[in-house]
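Visitor: Below is the sequence, then the predicted model.
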Amino acid sequence: SPRFLTAGWGSGITWRGFEAGLAEAQASRKPFMVLMHKTWCGACKGLRPKFAESEEIARLSEDFIMINLQDDEEPSDPSFAPDGGYIPRIVFGDADGTVNPDIFNVGGNPRYKYYYSDAQSIANAMKTATTTLSKKDL
């Protein structure tokens, strides 16, 4: 994938931009995962190498359309910020393009449910999303 889409978040992952990613999710009937981050964000810089080095995240990413949004690429649609516009933020959604707010960091801060600081909590959410979102289509 192009370097600007990877942005250091894992070259073993097929990253998409926002509109192309949602269109591909609909066409492929796959759920999507959206990573929203900023170049100037310290927490984002802290998470990035953990995310990029996780073989589990890379493996699980094959079940998703992976959307990587940096800086002003973040959508204005409020469903992509269910409990606020903090970063980094990860949301999951189903093939029709709808964010599912019930998939969040269960071990994290309840005030910032879509904030993750480690690879394992992201992998856990990806596993939940795979189960939850695939069942919805049956």
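Guide: Here it is on my side, so go on. Numbers count the residues shown, from 1 in each chain.
Visitor: show me where the chain has helices.
Guide: Ranges of helices within the chain are 3-6, 18-28, 42-53, 55-60, 119-136, based on DSSP state H.
Visitor: need those helices in JSON lines with distance to D83, mean neighbour count and mean pLDDT, can you?
Guide: (Glycine included, C-beta is placed from N, CA and C.) As requested, the helices of the chain are exported to JSON lines (distance: least, CB to CB, whole Å; neighbours: other CB atoms under 10 Å; pLDDT from 0 to 100):
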{"stretch": "helix 3-6", "distance to D83": "26", "mean neighbour count": "14", "mean pLDDT": "62"}
{"stretch": "helix 18-28", "distance to D83": "20", "mean neighbour count": "16", "mean pLDDT": "95"}
{"stretch": "helix 42-53", "distance to D83": "16", "mean neighbour count": "16", "mean pLDDT": "95"}
{"stretch": "helix 55-60", "distance to D83": "23", "mean neighbour count": "16", "mean pLDDT": "97"}
{"stretch": "helix 119-136", "distance to D83": "15", "mean neighbour count": "17", "mean pLDDT": "89"}
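Visitor: Let me know which of those is the nearest to I87.
Guide: If you check each of these against I87 by CB to CB, helix 42-53 wins as the nearest, at 6.0 Å.
Visitor: and the end-to-end length of stretch 43-63?
Guide: Start-to-end span of stretch 43-63 (CA to CA, to the nearest Å) is 26 Å.
Visitor: just stretch 63-81 next, same as before
Guide: End-to-end distance of stretch 63-81 (CA to CA): 23 Å.
Visitor: count of residues packed around the closest residue to V34 other than its chain neighbours?
Guide: Closest residue to V34 apart from its sequence neighbours, by CB to CB, 6 or more residues apart in numbering: I67 at 4.5 Å. Using other CB atoms under 10 Å, I67 is surrounded by 26 other residues.
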